[in-house]
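*Asks:* starting from these lines, generate the structure:
(chains A and B)
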Number of protein chains: 2
Amino acid sequence: MRILGIDPGYAIVGYGVIDYFSNNTFHVAAYGAITTEPNTKFENRLMTIYDGINTVINRTKPEAFAIEKLYFVNNVTTGIGVGEARGVTLLAAAQAGLPIYEYSPMAVKQAVTGYGKAEKKQVMELTRMILGLDKIPKPDDTADALAVAICHAHSSASALGEIYAKYGK
Amino acid sequence: MRILGIDPGYAIVGYGVIDYFSNNTFHVAAYGAITTEPNTKFENRLMTIYDGINTVINRTKPEAFAIEKLYFVNNVTTGIGVGEARGVTLLAAAQAGLPIYEYSPMAVKQAVTGYGKAEKKQVMELTRMILGLDKIPKPDDTADALAVAICHAHSSASALGEIYAKYGK
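*Replies:* Coordinates of the predicted model:
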């Protein structure tokens, strides 16, 4: 299963595309960040993000789209901007017909490290190890996006496991 | 000048298209609301809004896009949803090449009634009178969208007036 993970934002949108195999191994297909210029009109930044997500989807052909859930925002003005950027990200995924899965930051930490309140550094280091990468991908948003993709891989695998257990398959 | 005014939201997006003439008169070209079903996936609601805005733009060919600014949101979870919906609305306008103008609720009230803290009912009644409509358009989001369009008409007219005054034209 090929999963596109997204760390939403409007200055930097991290993305990570991973293949998850039934023997619980991973292959990293692509990762990076869509960045937008601070001194441009906000609507142009939204277009850059939308076009960037479409490019990633068209190039990597993921089967599932996983994105971090926004729960709490300290700064409301920033929060609206993040929401707007997240909206065009979701739009691109929906238009491509991808199933969309949302995970809280705590669920992502839990999936990667086994502990929902793990330190950011620890999450990034375990993401690197799980994916067999030499270095932690930069910027942080990219590592976060890969962690979201791992979270979806694990939760879809455990959901399948539960179904198998229930129906004795 | 043909202006598309928008009252953003995710359950209801109000729109109003007005023509504003140099003799300070108005003509209403179109108004209505894009509504989305509460019990559907949020990404599908975003697609409905995006497609709806594109349809309005293609049918009415506005020259300017005016939208209410979000300043303060009581409920952060609702705020993120409104931000996401507003994002796809801005995206549609930007992709159509429309110049985008944002106005605070207070600026809209000021433009329509001359008083920035006017009651909602008063704003709607004056919107009806200014546009020469028999009844206040329903739902409220539609009347609000028309008020935003009036706000842009007045502020662009006064901006022109200022330029004319400055340069003696």
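*Asks:* residue in chain A nearest to chain B?
*Replies:* residue A:83 (2.2 Å; Cβ to the nearest Cβ). No exception for glycine: its C-beta is placed from N, CA and C like everyone else's.
*Asks:* now do the end-to-end distance for stretch A:8-22.
*Replies:* One end of stretch A:8-22 to the other measures 28 Å (Cα to Cα, to the nearest Å).
*Asks:* is chain B within reach of that stretch?
*Replies:* No - Stretch A:8-22 lies apart from chain B when judged by Cβ under 8 Å from any Cβ of the partner chain; the minimum separation is 9.0 Å.
*Asks:* quick one: mean pLDDT over the strand or helix carrying residue A:48.
*Replies:* Per DSSP states H and E, residue A:48 falls inside helix A:42-60. What helix A:42-60 shows for mean pLDDT is 98.
*Asks:* any regions of chain A where pLDDT drops low?
*Replies:* Counting by pLDDT under 70, chain A shows low-confidence ranges at A:72-77, A:158-169.
*Asks:* can you name the residues of it that neighbour chain B?
*Replies:* So chain A meets chain B at A:41-44, A:46-47, A:50, A:70-73, A:76-77, A:79-88, A:90-91, A:93-95, A:100 (Cβ under 8 Å from any Cβ).
*Asks:* in helices, which of those residues appear?
*Replies:* Mapping the residues of chain A next to chain B onto helices (DSSP state H) picks out A:42-44, A:46-47, A:50, A:76-77, A:79-88, A:90-91, A:93-95.
*Asks:* could you pull out the strands for chain A?
*Replies:* Listed in chain order, the strands of chain A (DSSP state E) span A:2-7, A:12-20, A:26-35, A:64-68, A:100-103.
*Asks:* now these as a markdown table including mean neighbour count?
*Replies:* Below are the strands of chain A laid out as a markdown table (neighbours: other Cβ atoms under 10 Å in any protein chain shown):
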| stretch | mean neighbour count |
| --- | --- |
| strand A:2-7 | 25 |
| strand A:12-20 | 24 |
| strand A:26-35 | 18 |
| strand A:64-68 | 24 |
| strand A:100-103 | 18 |
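*Asks:* could you give me the PyMOL syntax to select whichever of the residues of chain A next to chain B are buried?
*Replies:* To isolate the buried members of the residues of chain A next to chain B in PyMOL, using 16 or more other Cβ atoms under 10 Å in any protein chain shown:
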select buried, chain A and resi 42+43+46+47+50+70+73+76+79+80+81+82+83+84+85+86+87+88+90+91+93+94+95+100
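*Asks:* got the contact list for the residue lying closest to residue A:135 once chain neighbours are set aside?
*Replies:* Counting by Cβ to Cβ, 6 or more residues apart in numbering or on different chains, residue A:128 is the residue found nearest to residue A:135 once chain neighbours are left out, at 6.9 Å. By Cβ atoms under 8 Å, 6 or more residues apart in numbering or on different chains, the contact set of residue A:128 is A:135-137, A:143.
*Asks:* try residue A:16
*Replies:* Residue A:16 sits in contact with A:4-5, A:28, A:30-31, A:137, A:142-143, A:145-149, where contact means Cβ under 8 Å, 6+ apart.
*Asks:* nearest to residue A:15, of those residues?
*Replies:* Ranked by distance to residue A:15 (Cβ to Cβ), those are led by residue A:145 at 5.0 Å.
*Asks:* look up how far residue A:87 lies from that closest one.
*Replies:* The gap separating residue A:145 from residue A:87 is 17 Å, by Cβ to Cβ, to the nearest Å.
*Asks:* so residue A:59 versus residue A:105, what's the distance?
*Replies:* Counting by Cβ to Cβ, the gap from residue A:59 to residue A:105 is 27 Å.
*Asks:* ah, wrong one, I meant residue A:31
*Replies:* Taken as Cβ to Cβ, the span from residue A:31 to residue A:105 is 19 Å.
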